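>>> Output the structure for:
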Amino acid sequence: MDKLKRVLSGQDEGSTDGGGILERANQASSLAWGTRMKGFIICFVLGTFCSILGTCLLWIPGFGLPVFAVLYSVGNISALASTMFLMGPLKQVKNMCAKERALATIIMLVCLVLTLCAAFWWKNKGLALLFCILQFLAFTWYGLSYIPFARDAVIKLFSLCT
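Model prediction:
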């Protein structure tokens, strides 16, 4: 458990930033490890709940699509922000901009904005659903980048299926 705490907080002895700004920001944090875990769990569960609630409300005639777009997007943002409790906001942003995650991050954030645009300004249900699906796929690809060899396994699985 201590190793997990050190790795997630950026204090692992194998860290490459050499005690730079991330370590100083982590040391300046007033949140205890237990509080960070509680914040992570609450934020992640809230994000999942918003996404599921938005999906359930999608089928309400008249105003289902805008509510779905907002709740689904808020849910994704909340789930993404939940990891900031574990590793801190600076390290999270740095990880999001890392070369192996940058494309997935950009696609996810662009699709998030386009989902809201399609639901509110363009009033196009098909585009909103398409952008939500792309948002989900980008978020999944982003999450897989944290699991060693997971992306390679998914690519191999799909290449075997096709």
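>>> Assign G62 to helix, strand or coil.
The three-state label given to G62 by DSSP: H, G, I helix; E, B strand; the rest coil is coil.
>>> sorry, that was for V113
Of the three states, V113 takes helix under three-state DSSP.
>>> how far away is F49 from V74?
Distance from F49 to V74, counting by Cβ to Cβ, to the nearest Å: 10 Å. All C-beta spots, glycine's among them, are computed from the backbone N, C-alpha and C.
>>> Between the two, tell me which one has more neighbours.
Between F49 and V74, V74 has the larger neighbour count (other Cβ atoms under 10 Å), namely 17 against 13.
>>> count of residues packed around the nearest residue to that one once chain neighbours are set aside?
Closest residue in space to V74, ignoring its immediate chain neighbours: C50 at 5.1 Å, by Cβ to Cβ, 6 or more residues apart in numbering. The local packing of C50 (other Cβ under 10 Å) involves 20 other residues.
>>> Now do the helix or strand containing C50, average pLDDT.
Assigned by DSSP states H and E, C50 belongs to helix 33-57. Helix 33-57 shows a mean pLDDT of 92.
>>> Return the angle between stretch directions for the following helix or strand past that helix and helix 33-57.
Sequence-wise, the next helix or strand downstream of helix 33-57 (DSSP H and E) is helix 64-87. Going by axes from the mean of the first three to the mean of the last three Cα atoms, to 10 degrees, helix 64-87 is angled at 170 degrees with respect to helix 33-57.
>>> Please state the mean pLDDT value computed over helix 64-87.
Helix 64-87 shows a mean pLDDT of 90.
>>> F85 reaches G34, doesn't it?
No - assessed by Cβ atoms under 8 Å, F85 is found out of contact with G34, at 11.0 Å.
>>> Counting neighbours, go ahead and name the busier of these two.
Taking other Cβ under 10 Å, F85 and G34 do not tie; F85 has more neighbours (22 against 8).
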